[in-house]
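J.: Here's a sequence, model it:
(chains A and B)
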Amino acid sequence: MSDYVALDGLTLAYGKTVAVEGLDLSIAKGELITLLGPSGCGKSTTMRAIAGLMTPSAGRIVIDGRDVTRLPPSKREVGLVFQSYALFPHLTVYENVAFGLRLKSAPDLDAKVRDGLATVGLSDFAQRAPRDLSGGQQQRVALARSLVMEPKVLLLDEPLSNLDARLRLEMRMELQRVQKETGITMVFVTHDQAEALALADRIVLMRDGAIEQTGTPEEIYSAPVSGFAADFVGFETILPDGAGGGLAWRPGAVVLGSGPNEGKVRGTAFAGERREYILESPLGTIKADTPAGAAPLEIGQSVAFDLPRERAAHLARLD
Amino acid sequence: MFEDKRTGLALALPAAVFAAALFLLPVGILLSEGFRNADGWSLAPYVEFFASGRNRVVFLRTLKLAALVAGVSAVIGYATAFAIVSLPPASRGRVFALVTLPLMISPVARTYAWLVILGRTGFVNQMLVGSGLLDTPLRLLFTETAVFIGLLQLFLPLMIISLVSAMENMPRDAVPAARVLGANWFQVFARVILPLTREGLVVGGTLVFTGSMTAYITPAILGGAKVLMLETLLYQRVTVANDFASASVIAMILMVMAFSANLLLKRLATARRAR
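T.: As a prediction, this is how the structure comes out:
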C-alpha cells in the first residue's frame, strides 16, 4: 500500500449531529498536508479521529498499513499538538517532554529529551515551569513533547492561532524546518488560507464535513473548483457563466475606469497599498481594487469596468 | 492594605473579642473537664475512656467508617466529576444541580428515607423476600453498613463538588494530550488528573472525613444504640449518664482527629508534588 495514512469512508458524529460524512483521503509518507476550512467544517474533528480521541461511526483509518480504527490513542503512534498547547502545569518543561517517553520506558530518555529541547531551541528552559514561558515557547515545548515520541504522523490543531502575527511567522518557519529535518508526516489543521498556502505540500479544503477540493497550494490558489473554494482563497467577484458553472475574479483582476459594463460605487476602503471598492451593477456585486495612488472614486459615482475572461477562474460549480 | 497596622487590628478586635468570649472560652472550659478528676488536674478521664473496651470499639469504628466513607466517596467522586466536566456546558449545569439537590434536603428527612428503604419491611427486603431470593428479611438497619450508606449519601455531594471545581481548573486538553502521548486511563488518572486535582481532593476529603466523624443524626437513626459512633456516644454520656468528663474527652478526640486528618491530607498533597 502506497498510502501512509488512509481515511476510508470516514463518518464522524457527535450524538446525532454528523460532523464528517464519508471522507476519503490518503496521505503519502513525509507529506505536509493541511486541512483547511471555516470553523465547523469538520477539520478538527477529522484530526481528533486520526488521533483516536473520537470513534468513527463508519469507515476506517489506516496508518502505515495497520488498521487503527478501533485502537486507543496510546496505541496509534501519532503525535498531536493542541491549539491550547495542553502542557502539564504540574511538571517542568523537561518532564513535559519526557512524559510519553517515561510511559514507554524509552531507553536513552535523557538524551532524547535534551535532543528534543535542542530541536526547538529551548535547552536552557528544561527546569522551568510551563507557566513561566511565553505562548510561543509553550508551543515549542508542546512540539518537542510530540516529536521525541517519533510518531508516524504529527497532527497539529490550529497550532499558531493563539500567537501574535510575528511569532506566527517564526513558528511557521520553525515547523517547516523541523518537518524537513525529520521528514515526518504532518497533518496541519487551520482556517487561515495564507497559512495553508505557505506551509502545505497539499491542501485539503473542507466544507460541511466533506472535502471540497484537494490540490497543491498553487492549484487551490489559482484554480478553485467551486464558488465556495473561490471565495475562500480570495476570489471576491463570483458570477454564473450561464452553463451551470461560474467565473470568479480577484479584486485586482477587475479593470476599473474602462470596459463594457457600468456600475455604481457603493462602498470604499483604504487598505494601505490598495484601495478597495464594492460596485453595484446589473451583473451583480463586483469587488475591485486599484493602486492606492490612483485617483479615488466617490461613493455613488458611476464607473465603467471590465471583467477580463482570461483573468477569470473557471468554476465547475457556482455554489 | 492599611497604612497603620493598628487600624487593621482595631477593626478585627470586635470579632476577636466575640469569638474569644463566646467560642474559645466555653470550648476551653468544656475541654478542661477532661483533664480533671476529684483531686484536681489529671489525665484520668482519658485513661479511663480508653481503658473501656466498648469505648475503644466506638473510637475505632468511627475512625474506620469516616475513612471508608471518605475513600469510597473519592472513588465515586472522581468518576462522577470526570463525567460531569466531560459534558457539554448546557447539560453540565443541570447534572451539577442534581448533585447538589440532596444538600438542600434536611438530613433528618434524607436519613428517615433510608429507614423506609432498609427497614424490615422496607423496599430492599420486600424485593429480596418477594422475589424468593430470601426466606426471611435481612437485618439491614442498625448495622455499620446502614450507617456507612447513610453517611456516604450525605457527604458524597461535597466530594463531587470539590472535585468538579478542581477538574474545571485543569487545562482543557491535558487529558487527551496524555492519552495521545501513550497513557492508558489508569496512567492518565495517576499522572495528570490526580496531581492536578490534589487540592480539591484534600478539601473534599477533609469535609467528608470530618463530616462523617462528627455526624449525629445519621448514626443515631441508622445505627442506634447498637452501632454507636463517637458522636452518638457523646450524646449518650451527657444525657443518659451525665458524665461530662467522658463527653469532654470525646469532644477533644473528635477535634484532634479533624485537625490531624486535614494536616495529613495536606501533607500527602504537597509531598507528592515536590517529587
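
J.: switch to C-alpha atoms for all contacts and neighbour counts from now on
T.: Fine.

J.: Does B:Gly204 touch B:Pro157 like I think?
T.: No. When contacts are counted by C-alpha atoms under 8 Å, B:Gly204 is not listed as touching B:Pro157 (9.3 Å).

J.: which bits of chain A sit near chain B?
T.: With C-alpha under 8 Å from any C-alpha of the partner chain as the criterion, chain A meets chain B at residues A:51-53, A:73-75, A:77-80, A:82, A:84-90, A:99-100, A:103-104, A:146, A:149.

J.: Recalculate using a threshold of 10 Å.
T.: For chain A, the residues in contact with chain B (C-alpha under 10 Å from any C-alpha of the partner chain) are A:48, A:51-53, A:72-91, A:96-104, A:142, A:145-146, A:149, A:151.

J.: Got a ChimeraX select line for the buried ones in those residues?
T.: Typed into ChimeraX, the line below selects the buried ones among the residues of chain A next to chain B, using 16 or more other C-alpha atoms under 10 Å in any protein chain shown:
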select /A:48,51,52,53,72,73,74,75,76,77,78,79,80,81,82,83,84,85,86,87,88,89,90,91,96,97,98,99,100,101,103,142,145,146,149,151
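
J.: so of the residues of chain A next to chain B, which ones are in helices?
T.: Members of the residues of chain A next to chain B lying in helices (criterion: DSSP state H): A:48, A:51, A:96-103, A:142, A:145-146.

J.: Return the distance of the helix or strand of chain B with the lowest mean pLDDT from the chain's centre.
T.: Every helix and strand of chain B was ranked by mean pLDDT, DSSP states H and E. The lowest is strand B:36-37, at a mean of 80. With C-alpha atoms, centre = their mean, to the nearest Å as the basis, strand B:36-37 stands 31 Å off its chain's centre.

J.: Give me the sheet partners of it and which way each runs.
T.: Strand pairing for strand B:36-37, using DSSP bridges, gives strand B:40-41 (antiparallel).

J.: After the strand it pairs with, which helix or strand is next?
T.: Note on strand B:40-41: by DSSP states H and E, the next helix or strand toward the C-terminus is helix B:44-51.

J.: Show me which positions of that following helix end up buried.
T.: The neighbour-count check on helix B:44-51 (16+ other C-alpha under 10 Å) flags B:Pro45, B:Tyr46, B:Phe49 as buried.

J.: which of the residues you listed lies closest to chain A?
T.: Proximity of these to chain A, judged by C-alpha to the nearest C-alpha, is greatest for B:Tyr46, which lies at 44.4 Å.

J.: neighbours of B:Phe82, just the number please.
T.: When counting by other C-alpha atoms under 10 Å in any protein chain shown, one arrives at 16 neighbours for B:Phe82.

J.: Identify the farthest-apart pair in the ones in helices among the residues of chain A next to chain B.
T.: Farthest-apart pair in these is A:Arg48 and A:Arg102; separation 23.6 Å (C-alpha to C-alpha).

J.: wait, does the longest helix anywhere in chain B contact chain A?
T.: Longest helix of chain B, by residue count under DSSP H: helix B:53-86. No. If you take C-alpha under 10 Å from any C-alpha as the test, helix B:53-86 misses chain A, and the best it gets is 12.9 Å.
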